[in-house]
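A.B. asks: model this:
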Amino acid sequence: MPDGSVSLATPYRTHTNGQLRAADAGTTARLAGWVHRRRDHGQLIFLDLRDRHGITQVVIDKADAPEAHAVASRVRSEFVVTVEGDVALRLPGTENPKLPTGEIELRASAVEILSEAKTPPFYINEPDAPVDEGLRLKYRYLDIRRQPMADRLLLRSRMVQAIREVHHAHGFVEVETPTLIKSTPEGARDFIVPSRLQPGTVYALPQSPQQLKQLLMVAGMDRYFQIARCYRDEDLRGDRQPEFTQLDLEMSFVDEATVMAFVEAMVIEVTRATDPDRPIQQVPFPRFTYDEVMDRFGSDKPDVRFGMELVDLAPALTPDSGFRVFDETLAAGGRVKAIVAPGMATITRREIDELTERARRFGAKGLAHLALEPGGEIKSPIAKFLSDEAQRALIERTGAGDSDLILIVADSAAVTADVLGRLRLELGERLGLADPDALAYVWVNRFPMYQWDGELGRWDATHNPFSGVVPEDEALLVTASGDPSRPSPDDPAGRARALQYDLVVNGWELGGGSIRIHRRDLLERSFRLQGQTIEGMREKFGAVLEAFEYGAPPHGGIALGIDRWAMVLSQQTNIREVMAFPKTQSGTDPMLEAPSPPDPAQLGELGLRFVGLPEKGT
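C.D. replies: Numbering: from 1, shown residues only. Below is the predicted model of the structure:
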């Protein structure tokens with residue numbers, strides 16, 4: 001609702017439907033909106049009139065306003081009407097405490113139908129009624145009339161407004177960057193746009209404004225931000241859409257601590273402005289290294305609203321524990337780790353089998369367990385292989401108590417962390433361990449600079465190819481062979497840490513950023529490790545490389561997902577719930593029926609024809 005000093009009056013209304021209060025009784029008002037509900041009591045007709053600001057009850061008395069009553073008799077749900085009359089207090093006992101306008105009603109003297117409506121395909125006035133999502137997307141303009149969807153879009157609007165206000169208050173310049181750019185590797189497929197004026201060439205829609213914002217730093221803009229539209233042609237999921245919005249920002253003459261400090265303060269201010277009732281679990285935000293979160297939570301986007309952390313069992317196991325799987329895994333350099341599920345010792349055999357099958361689907365060879373039943377008895381298929389001393393050592397190491405269930409995975413470090421991390425999240429949700437209202441923001445930094453791509457035989461950047469390296473690790477950006485064109489998984493570069501940082505909230509990656517490489521020689525060196533030739537670098541990143549020869553300041557920034565942030569703040573699990581007109585899981589828009597075949601004339605203008613795609617497997 002706008003500030004009370006802002007008038008939203010028009011020729012159709014003097015007030016919105018959420019504005020009138022008891023103090024307005026005795027005045028005349030005109031309202032406009034959609035008919036939320038209609039109740040016909042013969043002599044009296046009641047209309048609940050709705051707009052995005054609220055609902056006001058309108059009463060039409062046949063004795064006082066016969067013409068208005070005749071018009072109201074034709075009105076049905078979702079008709080658009082304007083009404084005029086006197087504001088009056090409701091009769092004692094008929095007030096509606098659920099509505100801000102519930103103490104008053106408008107006693108109409110005139111009713112005008114502005115637009116009639118067909119019966120909607122689903123109920124607008126029953127917000128909790130289940131509606132198929134495909135139907136909601138096809139009639140999104142009706143779905144947005146429903147209060148839950150409207151409330152989420154209003155929350156998103158407040159959030160974006162707060163973002164802009166905070167950045168302007170801290171000296172940032174809002175700059176729009178183009179959406180027709182050159183295709184560059186950003187980790188996903190580009191959407192491409194053929195050029196009519198330059199036949200045979202294409203633009204790409206930006207996956208992010210990465211190079212452009214760095215060029216703005218070279219240009220001296222100092223502090224830039226943008227609510228940027230971005231595009232990625234990738235498979236979709238609940239937190240991913242082909243087009244999305246991000247808060248993009250970059251700062252000059254900064255180090256990692258400077259950027260993180262500003263972003264943290266900004267996030268706190270925006271969160272409190274958007275939803276002041278949501279508690280932030282910890283301020284300052286906890287900070288973890290990548291190695292630490294993988295060791296403790298099995299994920300680089302940890303949900304720290306609950307414990308159930310991963311426990312390394314190696315210190316509690318002797319070289320010959322008696323259980324061959326544990327012994328062989330440790331001897332091969334793997335890990336044996338566990339989580340403790342509180343109160344789950346009495347789950348059924350079928351439930352254990354289901355957990356084991358899930359662990360296998362996640363990549364584990366199996367899932368061992370120890371159930372500590374009330375009274376101290378230990379039940380487990382592996383108990384017979386472990387001595388009493390070994391069993392006590394495992395229980396002491398995990399801190400498990402009566403009625404708890406210890407779940408154990410023995411595998412490589414990566415598989416063990418991933419499987420237990422995913423089981424931890426599922427069981428945390430199942431057991432209700434996380435406070436749904438809390439916002440647990442955390443920082444994760446010191447990511448590996450590169451990850452080895454065995455298929456392509458090269459190093460890939462773990463974030464983006466412009467990320468800087470921790471200064472003391474710069475000497476590691478070399479290959480074991482000494483030849484950048486001959487990389488191997490044993491290269492010193494594999495041990496380098498990046499000046500990268502992710503902001504995480506409630507187990508969702510909200511965004512990531514880094515201090516960038518601002519020296520051409522170091523950037524070329526990093527690109528060489530990633531399999532780029534000198535010619536390839538110039539083709540893909542020529543503007544940035546050349547710009548760095550004209551004086552580039554140290555700079556860094558971050559990009560935060562607007563859609564995902566709004567999703568978390570509105571307690572949703574799918575970003576489609578905070579987007580006005582999203583695509584389906586298959587990337588289609590059922591409302592506009594997009595994508596659609598191009599008009600042959602459009603292809604002709606571009607000099608294109610569709611030749612089809614090879615069948616899969618051919």
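A.B. asks: Residue 313 and residue 150: what is the separation?
C.D. replies: Per C-beta to C-beta, to the nearest Å, residue 313 is found 51 Å from residue 150. Any C-beta I mention is one placed from the backbone N, CA and C, and that applies to glycine too.
A.B. asks: Give the helix, strand or coil label for residue 545.
C.D. replies: helix (DSSP: H, G, I helix; E, B strand; the rest coil).
A.B. asks: how deep is it tucked in, by neighbour count?
C.D. replies: By the criterion of other C-beta atoms under 10 Å, residue 545 has 16 neighbours.
A.B. asks: Equivalent analysis for residue 397, please.
C.D. replies: Counted by other C-beta under 10 Å, the residues lying close to residue 397 total 17.
A.B. asks: can you pull up the bridge partners for residue 372?
C.D. replies: Applying DSSP bridges to residue 372 gives these bridge partners: residue 378.
A.B. asks: and it, what does it touch?
C.D. replies: 345, 378, 395, 400-406 (C-beta atoms under 8 Å, 6 or more residues apart in numbering).
A.B. asks: Can you report how many residues neighbour the nearest residue to residue 194 once chain neighbours are set aside?
C.D. replies: Spatially, and ignoring its direct neighbours in sequence, residue 194 is nearest to residue 606 (4.6 Å; C-beta to C-beta, 6 or more residues apart in numbering). Neighbourhood size, residue 606 [other C-beta under 10 Å]: 16.
A.B. asks: in terms of contact, does residue 606 touch residue 197 like I think?
C.D. replies: No: assessed by C-beta atoms under 8 Å, residue 606 is found out of contact with residue 197, at 10.1 Å.
A.B. asks: Just to be sure, residue 49 is in a strand?
C.D. replies: Yes: under three-state DSSP, residue 49 sits within a strand.
A.B. asks: Give me the distance between the residue nearest to residue 194 and residue 294.
C.D. replies: 48 Å.
A.B. asks: what ranges do the strands span in the stretch 501-618 of the chain?
C.D. replies: Counting by DSSP state E, counting those that start in this stretch, the stretch 501-618 of the chain has these strands, from start to end: 508-515, 555-561.
A.B. asks: List just the one of those strands that sits closest to residue 433.
C.D. replies: Closest approach to residue 433 among these (C-beta to C-beta): strand 508-515, 16.8 Å.
A.B. asks: now the angle from the closest one to strand 555-561?
C.D. replies: On the basis of axes from the mean of the first three to the mean of the last three C-alpha atoms, to 10 degrees, strand 508-515 is oriented at 170 degrees to strand 555-561.
A.B. asks: how far out from the middle of the chain is strand 508-515?
C.D. replies: Relative to its parent chain, strand 508-515 has a centroid offset of 11 Å by C-alpha atoms, centre = their mean, to the nearest Å.
A.B. asks: Contacts for it, please.
C.D. replies: Applying C-beta under 8 Å, 6+ apart, the contact partners of strand 508-515 are 239, 246-247, 254-256, 259, 263, 300-301, 441, 463-464, 466-468, 498-504, 554-561, 564-565, 567-568.
A.B. asks: what is the mean pLDDT for it?
C.D. replies: Averaging pLDDT along strand 508-515 yields 97.
A.B. asks: so what strands line up beside that strand?
C.D. replies: For strand 508-515, pairing defined by DSSP bridges yields strand 500-505 (antiparallel), strand 555-561 (antiparallel).
A.B. asks: CA-only coordinates of it, as PDB, when you get a sec.
C.D. replies: Below are the C-alpha coordinates for strand 508-515, written out as PDB (Å, rounded to 0.1, in the frame of the first residue of the first chain):
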ATOM      1  CA  TRP A 508      19.800 -22.100  -1.400                       C
ATOM      2  CA  GLU A 509      22.700 -20.400  -3.200                       C
ATOM      3  CA  LEU A 510      21.500 -16.800  -3.400                       C
ATOM      4  CA  GLY A 511      24.500 -15.700  -5.500                       C
ATOM      5  CA  GLY A 512      28.200 -15.700  -6.000                       C
ATOM      6  CA  GLY A 513      31.000 -13.300  -6.800                       C
ATOM      7  CA  SER A 514      34.700 -12.800  -6.700                       C
ATOM      8  CA  ILE A 515      37.500 -10.300  -6.800                       C
END
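A.B. asks: residue ranges for the strands of the stretch 1-150 of the chain, please.
C.D. replies: Assigned strands in the stretch 1-150 of the chain, in chain order: 28-40, 44-51, 54-61, 80-89, 104-115 (criterion: DSSP E, counting those that start in this stretch).
A.B. asks: and the ones you listed, which is most packed in?
C.D. replies: Most buried of these, by mean neighbour count (mean count of other C-beta atoms under 10 Å): strand 54-61, with a mean of 23.
A.B. asks: Which strands or helices does it pack on?
C.D. replies: Applying 3 or more C-beta pairs under 8 Å, 6 or more residues apart in numbering; DSSP states H and E, we find strand 54-61 packed against strand 28-40, strand 44-51, helix 66-74, strand 104-115.
A.B. asks: how far off strand 28-40 does that strand point, in degrees?
C.D. replies: Using the same axes, to 10 degrees, the inter-axis angle of strand 54-61 relative to strand 28-40 is 80 degrees.
A.B. asks: Look through this protein and report the residue furthest from the middle.
C.D. replies: residue 63 (55.7 Å; C-alpha atoms, centre = their mean).
A.B. asks: Can you tell me which of the strands of the stretch 501-618 of the chain is most buried?
C.D. replies: Across the strands of the stretch 501-618 of the chain, averaging neighbours per residue (mean count of other C-beta under 10 Å) puts strand 555-561 on top, at a mean of 24.
A.B. asks: So what touches it?
C.D. replies: 208, 213-214, 217, 224, 228, 244-256, 259, 263, 267, 468, 499, 501, 503, 509-516, 518.
A.B. asks: Now a ChimeraX select for only the buried ones of those residues.
C.D. replies: Burial among the contacts of strand 555-561 is assessed by 16 or more other C-beta atoms under 10 Å; the matching ChimeraX selection reads:
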select :208,213,214,217,224,228,244,245,246,247,248,249,250,251,252,254,256,259,263,267,468,499,501,503,509,510,511,512,513,514,515,516,518
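A.B. asks: So which of the contacts of strand 555-561 belong to helices?
C.D. replies: Applying DSSP state H to these, the entries found in helices are 213-214, 217, 256, 259, 263, 267.
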